[in-house]
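**Student:** Give me a model of this one.
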Amino acid sequence: MPTTTTGPRFRTAGAVMLIGLAFLPGLLAALPLAFNGAQHTLGALGHATMPEGTTASLGWGLTLLAAAALPFVAAPAALIVARARRVSRERTVSVCARAVLICGVVSCLMAMVSAAV
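**Tutor:** Presented below is the predicted three-dimensional model:
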């Protein structure tokens, strides 16, 4: 009779795959957000030129840079908080994946807004 339990190797691989897939939206948004954020920040500080018809804003540049880093900061923060509250391993992975996915979607939305500006 086959068993339905999985070994720790498969549970770990599944956890890594789940969190890795949750990072996809954040990874897609990171490059345009970081580039546009750096361009706006450096332009406001006078170290870079902006395209014709645009004005540089330090606040907007820092907001874009923060949005680019958001999913990558959310992952360790979610893991640390979940483990500090002594949540089970499966629930910790689920909470981390959800936090990373939500922050990645927010980053994608910020990337779409910054492309329209």
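
**Student:** could you check the distance from the residue nearest the centre of the chain over to Ala29?
**Tutor:** The residue lying closest to the centre of the chain (CA atoms, centre = their mean) is Pro71, at 1.9 Å. Between Pro71 and Ala29 the computed distance is 8 Å (CB to CB, to the nearest Å). Where you see a C-beta, it was placed from the backbone N, CA and C, and this is true even at glycine.

**Student:** Quick check: neighbours shared by those two?
**Tutor:** Overlap between the neighbourhoods of Pro71 and Ala29 consists of 104, 107, taking contacts as CB atoms under 8 Å, 6 or more residues apart in numbering.

**Student:** quick revisit: could you find the closest non-adjacent residue to the residue nearest to the centre of the chain?
**Tutor:** The shortest distance from Pro71 to any residue other than its chain neighbours is 3.1 Å, reached at Gly26 (CB to CB, 6 or more residues apart in numbering).

**Student:** Tell me the buried residues in the one helix or strand that neighbour maps to?
**Tutor:** Gly26 is part of helix 24-45 when elements are defined by DSSP states H and E. By neighbour count, and taking 16 or more other CB atoms under 10 Å as the criterion, the buried residues in helix 24-45 are 25-26, 29-30, 32-34, 36-44.

**Student:** and which of those residues is nearest Leu109?
**Tutor:** The shortest separation between Leu109 and any of those is 8.4 Å, and it belongs to Ala29 (by CB to CB).

**Student:** pretty sure that closest one contacts Cys108?
**Tutor:** Yes: if you go by CB atoms under 8 Å, Ala29 and Cys108 touch, sitting 4.6 Å apart.

**Student:** so what's in contact with the two at the same time?
**Tutor:** Contact with both Ala29 and Cys108 is made by no residue, according to CB under 8 Å, 6+ apart.

**Student:** before we move on, back to that, any idea how far Ala77 is from the residue nearest to the centre of the chain?
**Tutor:** 11 Å.

**Student:** All set now, cheers.
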